[in-house]
Each structure stands twice: as structure tokens, then as C-alpha cells.
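Undergrad: Next come a sequence and a model predicted from it.
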Amino acid sequence: MKKITVVGSISMDLVTSTKKIPEAGETIVGQSFSMVPGGKGANQAVAISRLSTEKTSVTMLGAVGDDTFGKELILNLKNNQIFCDNVGTIPQITGIAQITIYDNDNRIIIIPGANSAITTETWTQEWETIKESELVVLQNEIPHEVNLQIAKFCKANTIKVLYNPAPARKTDTEMLDFVDYITPNEHEYKDLFPDLSLEDGLKKYPNKLIVTLGIKGVALHDGTQFQVIPAIPAKAIDTTGAGDTFNGAFAVAISKKLEIKEAIKFAVIASHLSVQKFGAQGGMPTLKEIKGHENYEKKWNLE
């Protein structure tokens, strides 16, 4: 059985929909409010699990607070067939994300809470879980030092690492030598490589650096040439979680030994489907749904 381990944030998303963004000092009436499970780590774990079969197990490592949100989020992970025995509960608030949906796009403020208190200092079984993994998935809503320690451990143990540097931070470049795939969006890319054009940066890290460009698609350099895999047009209802869906789907495809360009095409279908429903996790598709899409290629033979 293949094992994919996700180490990252687990949060509750507080989502407000509005037809107008208030000016400073202004109060307006919004359209709706919802509380839905989120956090980049948990989102990517859910995306992976929904696209996996009984031949793949998905494990989540992270932390929640000792509060109602924490209990709800653990239950949500279990309901999505994710192993979370090593998700810790600590005496802090559970992480939250304040999300405002306006004009079919989102604005997000993160309060890390328990996610910022994750440490590897007390890990024992967690390292064994990682050592048994075929792929480890990381993001930036937990401390950089934790990501770096995990990436170095994986490098030493020949375990592949997919690193999504979101949100961007100045220390991201320290991860480059220890990960197999790094997937910033175009804004995060500019923070990572302010002095390199997109084409130059991709050429420097062929088949490793993958840049998502929103409605323009996904860019990479295959070792021979710069390429852009086009996005699939969609009438977006909620773009929250589209990047997490892409990363989760890409992780699944890579673990199934698809070549990198084919893995990107598969992930583009997943993110295309995800934006057509509400919520970061609400729109994440199943493998059956992706197989039913006209862009799915039978040669991928994902089971």
C-alpha cells in the first residue's frame, strides 16, 4: 500500500460572502456566513484522500487547539478517511482563517493558533510514519523550522517531498535543496525569485519548480523547453482551496508514477472542478468525478 503523509495546518475557515468590500470605518451587510473545515495541510490531505483508493493511505500530522473547533476538525479528517492519530491537541486556540468572498475571488486572513506551535522536538512515532511514506507534502502555515527538519530527514531517507510555499516567506529558498517539487503561485514565485523572470527561474529548476498561474494555467520547464499547461475555463463559485486541490491531485498523480506534465494535467482538472462548488474542501472532487471529465486521459489508468 502506498502511503502519503501531509504535515501542515488544520484550521476552521470563517467564510463571509459579500457584494461589496467596506471602506475604512464603514459597516455593510454581507450575503452569507459559514464555518467550514480548512487549513492548507488539512485541505491537501482531504484532496489526496478523495482521489485515492484503498491502495493508498493518507496520514495527517499537525495540531489543533483544545476547543470545539479542534474536535470538529479532527472528526472531519476521520470522516474523510485520513489517519490522524498523531494530530496533537495543545492548550491554544485552533487555527482559523477569515475568508471574504467577493467578486468570485477570496481575501484571506490567517490566525495560526495551534498550527504555529507545532514542533518536532517530541516526535517519535511521527518520524516512523514519515519514514514509511512514499511522499510527504508540506506547506507554509506551520513553522519554517519544522518544514526544514522534515525536508532534510526525507532527503536523507530518499523520501520524495512536495512543498507548497504558501503563504510565501523569506526563508522559502532554504527548502530548495531538500525537496523534489515546489509549487508556488505566481505571486509567491516573485517573492521567491525577485531577480529572475518566470522562464529563467523555471529553467534553473526543471521538473522541480511548478508555478500555478490562475486562469492562465501552470508553468514549468521540462529540461528542454518552457511550457504552460492551460487552465480549463470554469464559472467559479468559490476559488478557496483551488491551489490546495491542485497540490493534492498532483501528489496523487506523482505517487501513481505519472510523468510530471501528465500529473499537472490531472491536477488542472481537479482544481477546475473544485472552484465550481462552495468551500475549500466542499468542491474537492473524487477520482470518479475526474474520470468523468472530458479532459481525463485513459492512458493515465489511475486506480
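TA: Looks like it came in fine. Residues are numbered from 1 along each chain as shown.
Undergrad: CA only for contacts and neighbour counts going forward, please
TA: Fine.
Undergrad: Give the pairing partners of the helix or strand of the chain with the lowest mean pLDDT; include direction for each.
TA: Within the chain, confidence by mean pLDDT, DSSP states H and E is lowest for strand 105-111 among all helices and strands, at a mean of 86. According to DSSP bridges, strand 105-111 forms sheet pairs with strand 95-102 (antiparallel).
Undergrad: in the partner strand, what's buried?
TA: Neighbour-count burial for strand 95-102 flags Gly95, Ile96, Ala97, Ile99, Thr100, Ile101 (criterion: 16 or more other CA atoms under 10 Å).
Undergrad: mind checking how far that strand is from the chain centre?
TA: Distance of strand 95-102 from its chain centroid, counting by CA atoms, centre = their mean, to the nearest Å, is 16 Å.
Undergrad: Likewise for stretch 209-220?
TA: 15 Å.
Undergrad: what does it contact?
TA: Residues from elsewhere that reach stretch 209-220 (CA atoms under 8 Å, 6 or more residues apart in numbering): 181-186, 189, 201-202, 206-207, 221, 226-233, 264, 268.
Undergrad: Looking at those, which are in helices?
TA: Here DSSP state H is the test, and those give Glu186, Tyr189, Gly201, Leu202, Ile264, Val268 as lying in helices.
Undergrad: how many neighbours does Lys55 have?
TA: Residues lying near Lys55 (other CA atoms under 10 Å) number 9.
Undergrad: wait, isn't it in contact with Lys2?
TA: Yes - if you go by CA atoms under 8 Å, Lys55 and Lys2 touch, sitting 6.3 Å apart.
Undergrad: Return the residues in contact with the residue positioned nearest the centre of the chain.
TA: The centroid of the chain falls nearest to Asp244 when counting by CA atoms, centre = their mean (3.2 Å). Applying CA under 8 Å, 6+ apart, we find Asp244 in contact with Lys40, Asn43, Gln44, Ala47.
Undergrad: That one falls within a helix, correct?
TA: Yes - according to DSSP: H, G, I helix; E, B strand; the rest coil, Asp244 belongs to a helix.
Undergrad: In this protein, what residue spans correspond to strands?
TA: For the chain, strands defined by DSSP state E occupy the ranges 2-7, 11-17, 32-38, 56-65, 87-90, 95-102, 105-111, 135-139, 160-164, 181-182, 211-212, 218-221, 226-229.
Undergrad: follow-up on the earlier one: if any of the contacts of Asp244 are buried, give me the ChimeraX selection for them.
TA: Listed next is the ChimeraX selection for buried residues among these, using 16+ other CA under 10 Å:
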select :40,43,44,47
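Undergrad: Compare the strands of the chain and report which one is nearest to Gln276.
TA: Checking those against Gln276 by CA to CA gives strand 105-111 as the closest, at 12.1 Å.
Undergrad: Give me the distance from the closest one to the chain's centre.
TA: Strand 105-111 has its C-alpha centroid displaced from the chain centroid by 15 Å (CA atoms, centre = their mean).
Undergrad: Any chance you could list what contacts it?
TA: Outside strand 105-111, the residues touching it (CA under 8 Å, 6+ apart) are Gly95, Ile96, Ala97, Gln98, Ile99, Thr100, Ile101, Asp238, Thr239, Thr240.
Undergrad: Closest one of the residues you listed to Gly8?
TA: Nearest to Gly8 among the contacts of strand 105-111: Gly95, at 11.3 Å, using CA to CA.
Undergrad: Next one: the closest one from Gln139, what distance?
TA: Going from Gly95 to Gln139 by CA to CA, to the nearest Å gives 15 Å.
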